[in-house]
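Participant: model this:
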Amino acid sequence: MHLGNGIICPMTAIPMFALAAVGGYFAFKKAKLEFSKEKFFYTIALTCLVFALQMINFAIPQTGSSGHIIGALLLSILLGRYVAFLSVCVILTVQAFFFADGGILALGCNIFNMGILACFVAYPFIYKPLKNIDKPFLATVLACIVALQLGSLAVVFEGAASGTIALNKIFEFAALMQTIHFPIGFMEGIFAAVLVYALKNINPNKAASIFALISFVLTGFVSQYASQKPDGLEWSLLNMQNSLIPQIQGKIYLLSEAIQNKTSILANFESISANMAGLLIVCFTMFLVCLFINIKKDIKTNEG
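Facilitator: Coordinates of the predicted model:
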């Protein structure tokens, strides 16, 4: 569901950037309530795991499409929604700047679609109420489905607001996006529910080691065997190809493309090397985020 630069016009991109920035500031302010030193490396390792899992596209039978997990709901369950949102921001930013996976111009939209809607809508309003009545499996699956459906619907509105999708084709595009992202959300929900259950009685430090090992294996080896079929968004756009109006004019678009061409150095690397380098960048960036959260928490504690 990573939108590219050509799908979003600046008039849509700029407000979404502002919304993502406000969300990031709010999450950072609140993250100290969820964060603890004991989960420092656990948080970093789990973020790396989600980054690695996003490389593993699985084929969706009978569709000619593929999907991969988003991981925002999983992160929210295991880390809390504020830290989870910061993790999603790190992952999407690294993907956009270093891999050209999702446009820099569309980064605000992607953070909203895959981060804000999952962490601040699906998690508190779907997952938490069901979890509180002791239905954790149903809560996880349903929240993942809702997060993917809301995100895919947001893509439709953003495309329409940008003038990419003709007004008389909005319902057709929405139907394609909702249909293809339902099984993706369902599969992510099953995976997340099983993983959360499996981690129920595992020490965070041990879990961090497991996450790090799995991330290394997925990034360095398993990612080579991921499905090459178009993902849900690409599949939907291909089915709408004759009805799309690419947003590839204007100075802001050209500037975003120029920046991305300069920064996306890993997009031209051999895949294993690029994946491993990306994993290290995510690891280091999330280390800094956790460090700043911890410093802020210590300062607040000393002031208190």
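Participant: Please count neighbours and contacts with C-alpha atoms only from this point.
Facilitator: Will do.
Participant: for the helix or strand containing residue 259, the distance to its chain's centre please.
Facilitator: Per DSSP states H and E, residue 259 falls inside helix 251-263. With Cα atoms, centre = their mean, to the nearest Å as the basis, helix 251-263 stands 22 Å off its chain's centre.
Participant: Counting by contacts, list what the helix ranked longest in the chain packs against.
Facilitator: Counting by DSSP state H, the longest helix found in the chain is helix 271-303. Of the remaining helices and strands, those touching helix 271-303 by 3 or more Cα pairs under 8 Å, 6 or more residues apart in numbering; DSSP states H and E are helix 40-53, helix 81-99, helix 204-220.
Participant: In CSV: the ones you listed, plus distance to residue 275, mean pLDDT and mean neighbour count.
Facilitator: Listed next are the helices and strands packed on helix 271-303 as CSV, based on distance: least, Cα to Cα, whole Å; pLDDT from 0 to 100; neighbours: other Cα atoms under 10 Å:
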stretch, distance to residue 275, mean pLDDT, mean neighbour count
helix 40-53, 8, 97, 24
helix 81-99, 9, 98, 25
helix 204-220, 6, 95, 18
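Participant: and residue 133, which of those is closest to it?
Facilitator: helix 81-99 (19.4 Å; Cα to Cα).
Participant: ok, residues contacting the closest one?
Facilitator: 24, 27-28, 30-31, 34-35, 47, 51, 72, 75-76, 101-104, 107, 110-111, 114-116, 119-120, 123, 260, 263-267, 278, 281-282, 285-286, 289 (Cα atoms under 8 Å, 6 or more residues apart in numbering).
Participant: Out of these, which end up buried?
Facilitator: 24, 27-28, 30-31, 35, 47, 51, 72, 75-76, 101-104, 107, 110-111, 114-116, 119-120, 123, 260, 264, 266-267, 278, 281-282, 285-286, 289 (16 or more other Cα atoms under 10 Å).
Participant: So which of those belong to helices?
Facilitator: Going by DSSP H, the helices hold 24, 27-28, 30-31, 47, 51, 72, 75-76, 107, 110-111, 260, 278, 281-282, 285-286, 289 from the buried ones among the contacts of helix 81-99.
Participant: May I see the buried residues of stretch 180-199?
Facilitator: Buried residues in stretch 180-199, defined by neighbour count with 16+ other Cα under 10 Å: 180-193, 196.
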